[in-house]
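**Student:** I would like the atomic coordinates for the input below:
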Amino acid sequence: MRRLLIFVAVIVGCTGAARAATTYDISTDFSTASNPNDVWTYGFSTTLGGILIPYVQSSTSGGIQAWRSLNANEPVDFNNQTNGAIITCVGCDALPAHTAAFHPGPNGEFSVYRFTTQIPGTYVLDATFGGLDHGGTDVHILDNGTVIYSADITMGSSIHHSESRTLLLGETIDFAVGVGTDGSFLFDSTSINGSLTLSAVPEPEIYGLLTAGLGLIGFVARRRKKALSAA
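**Tutor:** Got it, this is the predicted structure:
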């Protein structure tokens, strides 16, 4: 019985570990050291939900971190790593502190931040998109290439979306920006505060182990009770 109680204690401990909230944040996690960067990949696709082509060139200048293709300014993913707002272009609204942004490409490329699930579970997805420049853009969130949210952004506007989703190992969530209804990639800088937080829901495997452990304890207790009655 003592061993069984230890078994259940271990499982409960694992359950507690699974409940510890972990947040993956686009801006906080942004790094120019590598791409992919842990759960994040910086890249672009020629069509919405199409094959992601990772960016290959990183830079840091004036507090702005960036990933882009070789010899091209756009499409681009970039991030304000400082504690103050930064003007990134003439006539643009300032990019707030610790806020990421992206810009579509001249041939209609979508710039993308991709999250790839390393720990399966239920996540709270949260995103706020903002218009920084004069051009309008279209923004999207995709789950394994399927659009789950879309909106249009104009300069000064801000749109928020939040939902809970259960993600499997290797499942992808893309945050994407396109050229918008005007079809032009000019003046299309768009901010994004995006994150996924592993919620306080234990994984199904832990529930199964816990249920099995409790069932086994009940079985042993009944056997011991019968044995004592027979004595």
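
**Student:** measure Asp188 to Ala33 for me?
**Tutor:** 27 Å (C-beta to C-beta, to the nearest Å). For the C-beta atoms, the positions are set from N, CA and C on the backbone; glycine is no exception.

**Student:** Of those two, which one has the most company?
**Tutor:** A direct count of neighbours by other C-beta atoms under 10 Å for Asp188 and Ala33 places Asp188 higher, at 28 against 6.

**Student:** Ser111 contacts Pro104, correct?
**Tutor:** Yes: using C-beta atoms under 8 Å, Ser111 is in contact with Pro104, at 5.5 Å.

**Student:** Next one, pLDDT for the nearest residue to Phe30 once chain neighbours are set aside please.
**Tutor:** Nearest non-adjacent residue to Phe30, counting by C-beta to C-beta, 6 or more residues apart in numbering: Asn79, 4.0 Å away. On pLDDT, Asn79 comes in at 98.

**Student:** circling back to that earlier point, tell me the residues that contact both of Ser111 and Pro104, please.
**Tutor:** Glu74, Pro75, Val177 (C-beta atoms under 8 Å, 6 or more residues apart in numbering).

**Student:** how near is the second one to His160?
**Tutor:** Pro75 sits at a distance of 23 Å from His160 (criterion: C-beta to C-beta).

**Student:** Can you pick out the residue with more neighbours from these two?
**Tutor:** Using other C-beta under 10 Å, the more surrounded residue of Pro75 and His160 is Pro75, with 30 against 11.

**Student:** my guess is that one contacts Arg68, does it?
**Tutor:** Yes: Pro75 is within contact range of Arg68, at 7.0 Å (criterion: C-beta under 8 Å).

**Student:** Tell me who's in contact with Gly180.
**Tutor:** Gly135, Gly136, Thr137, Asp138, Asp152, Ile153, Asp188.

**Student:** how close does the residue nearest to it when sequence neighbours are not counted sit to Thr122?
**Tutor:** Sequence neighbours aside, Gly136 is the residue nearest to Gly180 in space, at 3.9 Å (criterion: C-beta to C-beta, 6+ apart). Using C-beta to C-beta, Gly136 is found at 34 Å from Thr122.
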